[in-house]
Every structure is written in structure tokens, then in C-alpha cells.
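Engineer: Prediction below, plus the sequence it came from.
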Amino acid sequence: MLRLNKNSRKNGNIILVIVIAIILIIIFTFAYRAYLGLAGNAYSKCAVFLARGGGGDKGFNDLIASGLYKTEKDMKVELNVNSYQGDDKNIQDASFFLKQKYDLLIGVGFEYEELFSKLSKQFKKTHFIIIDSSVSGKNVASLIFREHEGGFLAGAFAALVAKGKPIGFIGGMMIPPVERFGDGFVEGAKYINPKIKVEIRYVGKDPAAFANKEEAKKLAMQLYKSGVLIIFHAAGAAGLGVIDAAVASKKYVIGVDSDQSHLAPKNVITSVEKRLDVVIYEFLTKAIKDGFKGGKHNFGVKERAIRLSNLDYSKFKFITPEVEGRLDKIQKEIIEEKIGVLKSIKNLYD
């Protein structure tokens, strides 16, 4: 019969205590997460691939940062976010991400479609979120906005205010999200005034266009000088150049992504808010609570993800209660899917 000496029994007891302690820690962790309602995914390291223009763009990228911060604060998690730009050489190297051990990657914009398609197949346990584009895979969530609905509201508003004078649209480059904004803007204006003239311009032909403020300002100045009263821009950070042109020309501009009225209070008459902060926050909180869900997720006026910013009667006398009443009616028609041309635009890009 094998006999254990005192030291062996003592070591065995220590190991047993350690094992029990580890089990208790695991049980407590899961119980605490359940108490907080966190039965889904716990993220600890996140990489965000920013749209061109980087942080401080007063729009797209800043909204994502705001949504991530709110997620950390409200859900009591630390995402440990690192940011990258599209021209960063490291992001083309799969081994770089293997070393970093990210469990969540977020791509802000279409230019990360190819990269995320490749990485999501290599790192199947990592979750990917891509905005304004679509990538297939169970571990990829594609967040798509119905920008044409916001563009339609902006076009209707511009036509109501312009009262027959020409209006304009300046986009960053010809990609589906920007073109949807532009198409919606034209159709919204024609919905109010079929004869209104709408000028369309694009800053460039590659992603760098979204950071080219000088070219955007040049295009806007040309349009204002030609008689255009209001320009709606969907040009990312380059749109700041359009706002500068509005100030210099003493004319009006409709901002995009966030409420940009503070950038030029006398010139920005409204903005088409694309609530990336709300969408990324709500998606991540659901993922943390209930688990990650891949596939396409669509957002528009109905989901409160697209809207016009508040209209200021006191600042702009031409914004009357009648104008707001007309816009409220149009917004209701959008939610109830009563405007046929919006369905046609959606089908065009699906």
C-alpha cells in the first residue's frame, strides 16, 4: 500500500486550494457579468481603422470615438483602443495583427473592405465591424446606412429655403454611401420643386479626397460664385473646406455626419446627422450583453440613425414653422416608406 508523507499531503492540499480558488474566481466572474447583464462577448483589445482625415475631423471619426468611449463608460469595460489610418503599412501585414491579439476590429469606411475580407478569414475568432461597406462572414458585422433618406431631407429643406435659386452638392468621391447622399439630395429637392437646378461636384477619385480641404473649398467657391445659395457636403474632413467657402462667400451650407453648426453658426443652416456614435454604441452593448451577430445591419431615419439637426428659427429667419412642418411630414412619409424614389435608390445600390 502506497503511503503519502506529510510533505506530499501538504503540497496536495496547496494545489487543491489553488484549483478551488481558480474555480471560484471563474464562477464569480461569470456571475458578476451576468449580474451586469453581460452574457455575451467581453472585448479587451480593439483596433479602429479610421476614415481619411483621422481624428478631429468634426464628423465621422470623432463620432466613432464618442460611441466607443460611451460604451466603455456605460458597460464598465476597457476596450484599449488603438487607431490606424488607411495608409499605415502595418495594416497590410497579417502577422502584425497576430502579434497584437486584437479581439475586435472596426473599419470606418469602404476602403477597409478588402482588408477585412482577408483578415476575417484568417482570424475567425476575432470579431470585425465594418461601416459603410459589406463583408461576408459570421464574424463580420456590416453596418450600412440609408444615406439617401438623409440626403432627401436635406434636398427638400434646401429647396424650401432656396425658393427657386440653384443649390449644390459636393461629395468626397464616387462611392455608394456618398452617391446615396447625393441621389437623395437631388430627389428631395425635385420633390419640392421639380424645376430647381442642382449642381453636383466631387472632390477627387480616391480616398485621399476626403482629406483635401483645399480642393473642396475651391469647388465650393466656384459654385457660390455661379449663384448657388446652399451646398450640402458629404466629403468628410474635406467638407471643412466647403464650410470655409460658405463663410467667405456669406452663403449657406448643410453639414454632414454630426451637427456642424458650431463651426460656422451664421452659415451652417442644418446638418444631416449620421449617428455613428449611437449605432456603434448600441451594436456593441448588444454584443457585450447578448453576443455578436454578424451579417448586414441597416440604419436610417426610422432607427433614429439619420436625421436633420435642430432648426434655429431665431438665427435664420427664412426657417419658418411651415418649413419645419413640411419636413416633419416628409420624415413621416420616409418612415412609412411612402416615397417611391427612395426605394429605387436603395435598390440601385443593394
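Structural biologist: Received it, and whenever you're ready, just let me know what you need.

Engineer: Give me the residue ranges of the stretch 1-150 of the chain where confidence is low.
Structural biologist: For the stretch 1-150 of the chain, applying pLDDT under 70 flags the ranges 1-41, 90.

Engineer: quick one, helices of it?
Structural biologist: Ranges of helices in the stretch 1-150 of the chain, per DSSP state H, counting those that start in this stretch, are 6-36, 60-75, 94-100, 113-122, 147-162.

Engineer: Show me where the chain has its strands.
Structural biologist: Counting by DSSP state E, one finds strands in the chain at the ranges 46-49, 81-84, 104-108, 127-131, 140-145, 167-171, 198-202, 230-234, 252-257, 268-274, 295-299, 306-308.

Engineer: quick one, which of the ones you listed is nearest to Glu214?
Structural biologist: Glu214 lies closest to strand 167-171 among those, at 13.1 Å (CB to CB). In short, each C-beta sits where N, CA and C put it, glycine included.

Engineer: and the angle from that closest one to strand 198-202?
Structural biologist: In terms of direction (axes from the mean of the first three to the mean of the last three CA atoms, to 10 degrees), strand 167-171 departs from strand 198-202 by 20 degrees.

Engineer: Strand 167-171: how far from the chain's middle?
Structural biologist: 21 Å (CA atoms, centre = their mean, to the nearest Å).

Engineer: One more: stretch 169-179?
Structural biologist: Taking mean C-alpha positions (CA atoms, centre = their mean), stretch 169-179 and its chain are 15 Å apart.

Engineer: so how far does it reach from one end to the other?
Structural biologist: End-to-end distance for stretch 169-179: 10 Å, by CA to CA, to the nearest Å.

Engineer: which outside residues touch it?
Structural biologist: With contact meaning CB atoms under 8 Å, 6 or more residues apart in numbering, stretch 169-179 is reached by 110, 132, 145, 147, 181-182, 185-186, 198-207, 209-210, 216, 219-220, 223, 231-236, 238-239, 242, 349.

Engineer: buried subset of those?
Structural biologist: With neighbours counted by 16 or more other CB atoms under 10 Å, those contain buried members at 110, 132, 145, 147, 181-182, 185-186, 198-199, 201-204, 207, 209-210, 216, 219-220, 223, 231-236, 238-239, 242.

Engineer: Just name the most buried of the strands of the chain.
Structural biologist: strand 230-234 (a mean of 30; mean count of other CB atoms under 10 Å).

Engineer: CA atoms of stretch 227-240 as PDB?
Structural biologist: Taking Å, rounded to 0.1, in the frame of the first residue of the first chain, the C-alpha atoms of stretch 227-240 are listed here in PDB:
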ATOM      1  CA  GLY A 227     -25.200  81.700 -58.000                       C
ATOM      2  CA  VAL A 228     -25.600  78.600 -55.800                       C
ATOM      3  CA  LEU A 229     -27.200  79.600 -52.500                       C
ATOM      4  CA  ILE A 230     -26.800  76.400 -50.400                       C
ATOM      5  CA  ILE A 231     -24.400  73.500 -50.700                       C
ATOM      6  CA  PHE A 232     -24.800  70.100 -48.900                       C
ATOM      7  CA  HIS A 233     -21.400  68.500 -48.400                       C
ATOM      8  CA  ALA A 234     -20.700  64.800 -47.900                       C
ATOM      9  CA  ALA A 235     -16.900  65.000 -48.000                       C
ATOM     10  CA  GLY A 236     -15.600  64.000 -44.600                       C
ATOM     11  CA  ALA A 237     -12.800  66.200 -43.300                       C
ATOM     12  CA  ALA A 238     -12.600  67.900 -46.800                       C
ATOM     13  CA  GLY A 239     -16.100  69.300 -46.000                       C
ATOM     14  CA  LEU A 240     -14.500  71.700 -43.600                       C
END
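
Engineer: what residue is smack in the middle of this structure?
Structural biologist: Most central in the chain under CA atoms, centre = their mean is Leu276, positioned 3.4 Å from the mean C-alpha point.

Engineer: re the thing from before, reformat the strands of the chain as a markdown table; add distance to Ile64.
Structural biologist: What follows is the strands of the chain, written out as a markdown table (distance: least, CB to CB, whole Å):
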| stretch | distance to Ile64 |
| --- | --- |
| strand 46-49 | 6 |
| strand 81-84 | 9 |
| strand 104-108 | 6 |
| strand 127-131 | 8 |
| strand 140-145 | 11 |
| strand 167-171 | 20 |
| strand 198-202 | 24 |
| strand 230-234 | 17 |
| strand 252-257 | 10 |
| strand 268-274 | 11 |
| strand 295-299 | 14 |
| strand 306-308 | 16 |
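
Engineer: Tell me which of those strands lies nearest to Ile192.
Structural biologist: Smallest distance to Ile192 across the strands of the chain (CB to CB): 10.5 Å, for strand 167-171.
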